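Novice: Any chance you could fold what I've pasted below:
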Amino acid sequence: MPEASIESLAGTGNPFSLGALQAGERVVDVGCGAGLDSLIAARMLGPSGQVIGVDMTPQMLEKARASAAQLGLTNVEFREGLAEELPVPDGWADVIISNGVLNLTPDKAVSLKQMARVLKPNGRLQIGDILVDKPVPAEARLDIDLWAG
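Specialist: Residues are numbered from 1 along each chain as shown. Below is the predicted model:
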């Protein structure tokens, strides 16, 4: 994998450990960052599969596109957008992956509804993330330095 995608990884887990991707499937990577998981998915799916990586950061999308081009992958594209407003048609994806992003979204319920909208019936949600067992104090929720890497 290209160094630009590896050095920018801020994931918390391995969404692929929850199930193998099958050749020809369609995958959406929510909060793809520099694209490492999207690139892995594109390779797993083969040329008949498709991946759409979605991120809100133009700089990360630029890295992701450059890495895909460097690898010669034509079955992956990267779109600017938010988890709360995924730029993907209804029922398009067989699988939604996300790695360390849902915990960062301001409205998790809306983000999950968007993922459900984009998934085909019987689609799979494969998320690697963190969760907190107790309420986070208001002052901690308002301190951006605690939420950003």
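Novice: alpha carbons only for contacts and neighbour counts from here, please
Specialist: Noted.
Novice: per-residue confidence averaged over the helix of greatest length in the chain?
Specialist: Secondary structure of the chain per DSSP state H: the longest helix is helix 58-71. The average pLDDT within helix 58-71 is 95.
Novice: in its sheet, what does whichever helix or strand comes after it sit against?
Specialist: Of the helices and strands lying after helix 58-71 in sequence (DSSP states H and E), the nearest is strand 76-80. Using DSSP bridges, strand 76-80 pairs in its sheet with strand 50-55 (parallel).
Novice: Residues touching the partner strand, excluding its own?
Specialist: 24-33, 35, 38, 41-42, 61, 75-83, 86-87 (C-alpha atoms under 8 Å, 6 or more residues apart in numbering).
Novice: can you pull the buried residues of the longest strand anywhere in the chain?
Specialist: If you go by DSSP state E, the chain has its longest strand at strand 119-128. Within strand 119-128, the residues that qualify as buried are Leu119, Lys120, Gly123, Arg124, Leu125, Gln126, Ile127, Gly128, counting by 16 or more other C-alpha atoms under 10 Å.
Novice: Now do the helices in this protein.
Specialist: Going by DSSP H, the chain shows helices at 3-7, 36-45, 58-71, 108-118, 138-141, 144-147.
Novice: where does the chain have its least confident helix or strand?
Specialist: Here the helix or strand of the chain ranked lowest by mean pLDDT, DSSP states H and E is helix 3-7, holding a mean of 59.
Novice: contacting residues around Ser38?
Specialist: The contact partners of Ser38, by C-alpha under 8 Å, 6+ apart, come to Asp29, Cys32, Val51, Ile52, Gly53, Val76.
Novice: do Thr105 as well
Specialist: Residues counted as contacts of Thr105 (C-alpha under 8 Å, 6+ apart) are Ala83, Glu84, Ser111.
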